[in-house]
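In: from the sequence below, what's the structure:
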Amino acid sequence: TKEYVFNLEEELKQTREELQTSLEEIETSNEELQAANEELLASNEELQSTNEELQSVNEEINTVNAENLQKMEDLAALNADVNNLLESTQIGTIFLD
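Out: You can find the predicted model right below:
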């Protein structure tokens, strides 16, 4: 009976040590996961900031594009006016640079 109790106590001791080791490993893993989570949160904030900057740049590009389209329409109208003037007159025209 004493031997049986001794064996049980030894098994309990080993199990306790294994559980303690497992607990320490889990705590270490948890700390690593928390550090990784903090890094991911920081990266997410950087990505959100970059996304906002890209949206701002995109708005600027759209504005410039709209201005360029308006200028192209103005130039096309002016070109049509010049062509109309040249075709409607019977006067010879020479262009010099």
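
In: centroid-nearest residue for the protein?
Out: Nearest residue to the geometric centre of the chain (C-alpha atoms, centre = their mean): Leu47, 4.1 Å.

In: can you tell me the element that one falls in?
Out: With the criterion set as DSSP states H and E, the secondary-structure element containing Leu47 is helix 2-88.

In: and that helix, how far out from the chain's middle?
Out: For helix 2-88, the distance between its averaged C-alpha position and the chain's averaged C-alpha position is 5 Å (C-alpha atoms, centre = their mean, to the nearest Å).

In: for it, packing partners?
Out: Identification of packing neighbours for helix 2-88 by 3 or more C-beta pairs under 8 Å, 6 or more residues apart in numbering; DSSP states H and E yields no helix or strand. The C-beta positions use only the backbone N, C-alpha and C, and glycine is treated the same way.

In: do you know how far Gln14 is from Leu69?
Out: Here the criterion is C-beta to C-beta, to the nearest Å. By it, Gln14 lies 79 Å from Leu69.

In: how about Gly92, secondary structure?
Out: Under DSSP: H, G, I helix; E, B strand; the rest coil, Gly92 falls in the coil class.

In: contacts only, for it.
Out: Under the criterion of C-beta atoms under 8 Å, 6 or more residues apart in numbering, the contact list for Gly92 is empty.

In: where does it fall, phi/psi-wise?
Out: The phi/psi pair for Gly92 (degrees, to the nearest 10) reads phi -70, psi 140.

In: relative to Leu86, how far out is it?
Out: Using C-beta to C-beta, we find Gly92 at a distance of 10 Å from Leu86.

In: Ile61 too?
Out: Applying C-beta to C-beta to Ile61 and Leu86 gives a distance of 37 Å.

In: same check on Glu67?
Out: Between Glu67 and Leu86 the computed distance is 29 Å (C-beta to C-beta).
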